[in-house]
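In: give the three-dimensional model of this entry:
(4 chains)
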2 protein chains.
Amino acid sequence: MTERAYHCPVEVTLEVIGARWTPVILAHLKENDRLRFGQIRRLIPDISEKMLTQRLRELERAGIIDRTLVRAAPAQVEYRLTTAGRGLSPVLNAMWDWGRQRATTMGLTITPVPADPRPGPATE
Amino acid sequence: MTERAYHCPVEVTLEVIGARWTPVILAHLKENDRLRFGQIRRLIPDISEKMLTQRLRELERAGIIDRTLVRAAPAQVEYRLTTAGRGLSPVLNAMWDWGRQRATTMGLTITPVPADPRPGPATE
DNA sequence: GTGGGTACGCACCAAAAAGTGCGTACCCAC
DNA sequence: GTGGGTACGCACTTTTTGGTGCGTACCCAC
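Out: Next up, the predicted model:
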């Protein structure tokens, strides 16, 4: 993650959002404004908790997201994009759009998952 | 690189351009239209030849770039974005712009490198 | 009082990614 | 004829990344 010299602006961008899952996390935060740890985890079923924590810490350090402790007791935190983070919207939007387009032309299916656990009885 | 189910369009995009250096390579191809292997290598001083070859093969298979053998003898090939690849321009532009912005606000320096070896005498 | 949810940190191990060095085949300049 | 540039492929090792499982501290529902 520590690159010394940059020879292209894109390298700078990648140092911030180049790690695995990072743009996905940010895209969800852009879509949902504020999300709790567990919500992000459910929105991205394939990410492990360790990964998610790690990425969130990195983004926090980079000043891209903001962590707020909502409740201390049974820990509850909220993440949201900072102003700097919102500056990434064009990147995230473009990635979102291209992915949708690509899925269509390649016949891929995208199955979104709700951020909150199903409230009703077991859906199986 | 093989992900089965997608839960967000951004995941689809990342499966194509998520590997290390990939967006940098594409950004240079977008800027320069057509580039030879050695030119890309010089434009990205920190990439190894193995890496570059690998990424180029992946992008070729994904239909994002196009490889043309210009001369067989002392092998010379040219890479360029396909139509599908040019569809990534919004993403690449956004990454480029954000990186420049970020470099400015963070006081980072970007030192571009020429694609071709210095032809004249030492420029220093 | 027992289990589940919340949001982690830590340690250990497996897997994937990347670096290094060597070989190729040909051309050209010196 | 010797060395350098062109664009790689291959094998081997190292580094990085990520997964798994365990522990925490507290609350709430049953």
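In: tell me which helix or strand in chain A has the weakest average pLDDT.
Out: The helix or strand of chain A with the poorest confidence is strand A:65-71; it has a mean of 91 (mean pLDDT, DSSP states H and E).
In: next, the buried residues of that strand.
Out: A:65-66 (16 or more other C-beta atoms under 10 Å in any protein chain shown). Glycine gets a C-beta too; all of them are placed from N, C-alpha and C.
In: list the contacts for the nearest residue to A:R80 once chain neighbours are set aside?
Out: Spatially, and ignoring its direct neighbours in sequence, A:R80 is nearest to A:R34 (4.5 Å; C-beta to C-beta, 6 or more residues apart in numbering or on different chains). Residues near A:R34 by C-beta atoms under 8 Å, 6 or more residues apart in numbering or on different chains: A:78-80.
In: so in that sheet, which strands flank the least confident helix or strand of chain A, and in what orientation?
Out: The partner list of strand A:65-71 in its sheet, established with DSSP bridges, is strand A:76-81 (antiparallel).
In: contacts for the partner strand next, please.
Out: Defining contact as C-beta under 8 Å, 6+ apart, one finds that strand A:76-81 is touched by A:26, A:29-30, A:33-37, A:40, A:56, A:64-70, A:88.
In: packing partners for the next helix or strand after it?
Out: Secondary structure here is assigned by DSSP states H and E; on that basis, the next helix or strand after strand A:76-81 toward the C-terminus is helix A:83-86. Applying 3 or more C-beta pairs under 8 Å, 6 or more residues apart in numbering or on different chains; DSSP states H and E, we find helix A:83-86 packed against helix A:22-32.
In: gap between the residue nearest the centre of chain A and B:L81?
Out: The structure's chain A has its C-alpha centroid closest to A:I25; by C-alpha atoms, centre = their mean the separation is 0.7 Å. Here the distance between A:I25 and B:L81 works out to 28 Å (C-beta to C-beta, to the nearest Å).
In: kindly report the same for A:R42.
Out: Taking C-beta to C-beta as the criterion, A:R42 is separated from B:L81 by 37 Å.
In: ok, A:L92 - how many residues close by?
Out: By the other C-beta atoms under 10 Å in any protein chain shown criterion, the neighbourhood of A:L92 contains 25 residues.
In: that one belongs to a strand, doesn't it?
Out: No - counting by DSSP: H, G, I helix; E, B strand; the rest coil, A:L92 is not part of a strand but helix.
In: need the pLDDT of it.
Out: At A:L92, the predicted lDDT confidence score is 98.
In: pretty sure it sits against A:V24.
Out: No - under the criterion of C-beta atoms under 8 Å, A:L92 is not in contact with A:V24, lying 9.5 Å apart.
In: residues shared between the contacts of those two?
Out: With contacts taken as C-beta under 8 Å, 6+ apart, A:L92 and A:V24 have B:V10 as neighbours in common.
In: which stretches of chain A have low pLDDT?
Out: Under the criterion of pLDDT under 70, the regions of chain A flagged as low confidence span A:1-3, A:118-124.
In: so what's the residue of it found nearest DNA strand D up against?
Out: Using C-beta to the nearest atom of the strand, the point where chain A gets nearest to DNA strand D is A:R20, with a distance of 3.0 Å. With C-beta under 8 Å, 6+ apart as the criterion, the residues that contact A:R20 are A:51, A:55, B:18.
In: how close does it get to A:P74?
Out: Per C-beta to C-beta, A:R20 is found 29 Å from A:P74.
In: any idea how far stretch A:68-75 is from the middle of the chain?
Out: Using C-alpha atoms, centre = their mean, to the nearest Å, we find the averaged C-alpha position of stretch A:68-75 to lie 20 Å away from the chain's own average C-alpha position.
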